[in-house]
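Colleague: Generate coordinates for the sequence data below:
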Amino acid sequence: MADAQGRTSFSALQVALSEGTGGFGYYVFDLLHLDGEDLRKRPLIERKEMLAKLLARAPKRGPVIYSDHMQGEGAKVFRHACDLKLEGIISKRADDPYRSGRTASWLKVKCGMEQEFVIIGWKPSDKVGRPFSSILLAVREGGGLRYCGRVGTGYTEARLEDLAALFKTHARDSAPVPSIPRDVARHARFVEPVLVAEVSFRGWTHDGIVRQGSFKGLRTDKPAREVIRETPMPTAQVSHQPARRAGRSAARTRNDETAEFAGVRITHADRVLFKEQGVTKRELCEYYLSVADVMLPHVANRPLALVRCPQGHGKECFFQKHANPGWPDAFKKVRIREKSGSQDYLYIEDERGLMAAVQMGVLELHLWGSHVDAVEQPDRMVFDFDPDEGLPFAKVKQAARDMRERLAALGLESFPMVTGGKGIHVVVPFVRRHDWDAHRAFAEAMARVMAEDEPERFVANMSKAKRRGKIFVDYLRNQRGATAIAPYSTRSRHGAYVAFPVSWDALGRLKDAHPANVETAAAKIARSKEPWPGYGDVRQALPLGKLKAQIGL
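Modeller: Residues are numbered from 1 along each chain as shown. The predicted model follows:
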């Protein structure tokens, strides 16, 4: 099967086979027997010449198509194939006889990465009518199965239904793999490890987890017992990554494709949003899906303010906090009182909301310090350490640690996050027992005490003139209606950097406030331990009385 641009498509083949529709083409590239003669010992180039002559005598109509070849210029052919968004090329030794199985006489060089995985389970979806949100993958390793992550994109409605039916047939109560992370296994449903999925993906994390995978189809021709992690063979003298990035971005921008992620339709999926890195809407969707599990606990069900850049970073951007007609239904609305009446604010509940944000050109998500079910009771405080230009990052790190110590003296636990720019946020979770006035009063008092104790280092006034050579302790993000950048959100600036939570130990090792971007964040998350252990379990109340006693009020 081929798509509208003439590219072969495994996904289209799967759909056509299951629905009995579409026109099939049979590409032939070798001839092993002819008129009773065994040709397998002859060189490949001779076999192909005989095949071409045979097909030339055949009727011109029909689905049989001769697969031609090119000799030499392998690196150039490969780059051109990737520019055209083909899957890759296969290189063969022209003078070799035919040998069954995989040998060194032929190499498969892929523009992307793909292989088969065993399906071991699935995650239920919160979307009405969608049977599941992602599938759980594994490969055979050391005599058993090893968990390899999840894939939540690449499904048509028909595929979702067909797969759901198969999951029901092969359902089992327990996980067939012991290595599934506890937070994943808790919400998963499991199946016998007999189904094989073809998956394309961006790469592997340090811990062997698939990065940014997309489901291509089921492989009924390959038994699950044979599925192992494939090791790419070296391709000498082929240095294709830079050309692939430039070519892929340009080609995709021209084709301006539509895609679907987590059930959300993404138009202009190949529009470049970060020009310098070549990051497209499609890749931004893949990024947010890869971090959704760790991001949503911080973002879901909080009123949001959004920085929208529909044409991408570097073009016109604007700030939006109120809901407009026509927004995707993955965005929810909450009515919030303002000085003059009330307005509808936006919030999201799940990964569909993250996809809808990308569709609407959102490059930054900023969140309130409260949830939509208790807007007037804040539960998240942020101290933003914003340094003057040229101030060493080491001084910003020390400022954050100083705030940690001051908070700890009041019995409060805090958590650091580098902003993806030049500053650090110190985040303090609270139980919902106080109002916005108390929330702001506490934050302001902490900031002003720091500035009064060490005026040569800190300032609690946002004036640029008074900030020279100092760090502004910004407490203003803790008043009603103010927002702060969301953990793991991208920043609408050069580099495609993201706001990145880190542990206090990891903070000490950082050289700047932007250690991760769209392309590296997921791998960093997989390699590291939970940066904020116990964050969701912290139950601490605002100690305004303790602060007053400490500063002598």
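Colleague: use CA for all of it now, contacts and neighbours both
Modeller: Noted.
Colleague: Which of the helices or strands spans L391?
Modeller: L391 is part of no helix or strand, with elements assigned from DSSP states H and E.
Colleague: Can you tell me the closest non-neighbouring residue to it?
Modeller: Leaving aside its sequence neighbours, L391 sits nearest to G469 (C-alpha to C-alpha, 6 or more residues apart in numbering; 6.5 Å).
Colleague: Just to check, that neighbour is in contact with V396?
Modeller: No. Using C-alpha atoms under 8 Å, G469 is not in contact with V396; the gap is 11.6 Å.
Colleague: Of the two, which one has the most company?
Modeller: Shown here are G469 and V396; by other C-alpha atoms under 10 Å, V396 has more neighbours (24 against 17).
Colleague: Residues contacting whatever helix or strand the more buried one lives in, please?
Modeller: Using DSSP H and E, V396 maps to helix 393-409. Taking contacts as C-alpha atoms under 8 Å, 6 or more residues apart in numbering, the residues outside helix 393-409 that touch it are 385-387, 413-414, 416, 422-426, 471, 507-508, 511-513.
Colleague: list the buried ones in that helix?
Modeller: Within helix 393-409, the residues scored as buried using 16 or more other C-alpha atoms under 10 Å are 393, 396-397, 399-401, 403-404, 406-407.
Colleague: so what secondary structure elements neighbour the next helix or strand after that helix?
Modeller: Next helix or strand after helix 393-409 toward the C-terminus (DSSP H and E): strand 415-418. With contacts defined as 3 or more C-alpha pairs under 8 Å, 6 or more residues apart in numbering; DSSP states H and E, strand 415-418 has these neighbours: strand 424-429, strand 500-501, helix 504-509.
Colleague: Please enumerate residues in contact with whatever helix or strand A445 lives in?
Modeller: Using DSSP H and E, A445 sits within helix 436-453. Residues from elsewhere that reach helix 436-453, judged by C-alpha under 8 Å, 6+ apart: 376-378, 381, 383, 457-460, 473-476, 478-480, 542, 544, 547, 551.
Colleague: Buried members of these into PyMOL, please.
Modeller: In PyMOL, a selection of the buried entries from these looks like this (16+ other C-alpha under 10 Å):
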select buried, resi 376+377+378+381+383+457+458+459+460+473+474+475+476+478+479+480+542+544+547
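Colleague: Cross the contacts of helix 436-453 against strands and list the overlap.
Modeller: Per DSSP state E, strands hold the following members of these: 381, 383, 458-459, 473-474.
Colleague: ok, back up a step: any common contacting residues for G469 and V396?
Modeller: P387.
Colleague: how does this protein divide up, domain by domain?
Modeller: Domains of the chain are assigned by automatic domain parsing as 10-110, 113-226, 256-367, 375-551.
Colleague: how about the residue nearest to K275 when sequence neighbours are not counted, what does it touch?
Modeller: Closest residue to K275 apart from its sequence neighbours, by C-alpha to C-alpha, 6+ apart: H313 at 7.3 Å. Neighbouring residues of H313 by C-alpha under 8 Å, 6+ apart: 273-275, 363, 492-494.
Colleague: Out of those residues, which end up buried?
Modeller: 273-275, 363, 492-493.
Colleague: So which of the residues you listed belong to strands?
Modeller: 273-274, 363.
Colleague: Right, I'll call it a day here.
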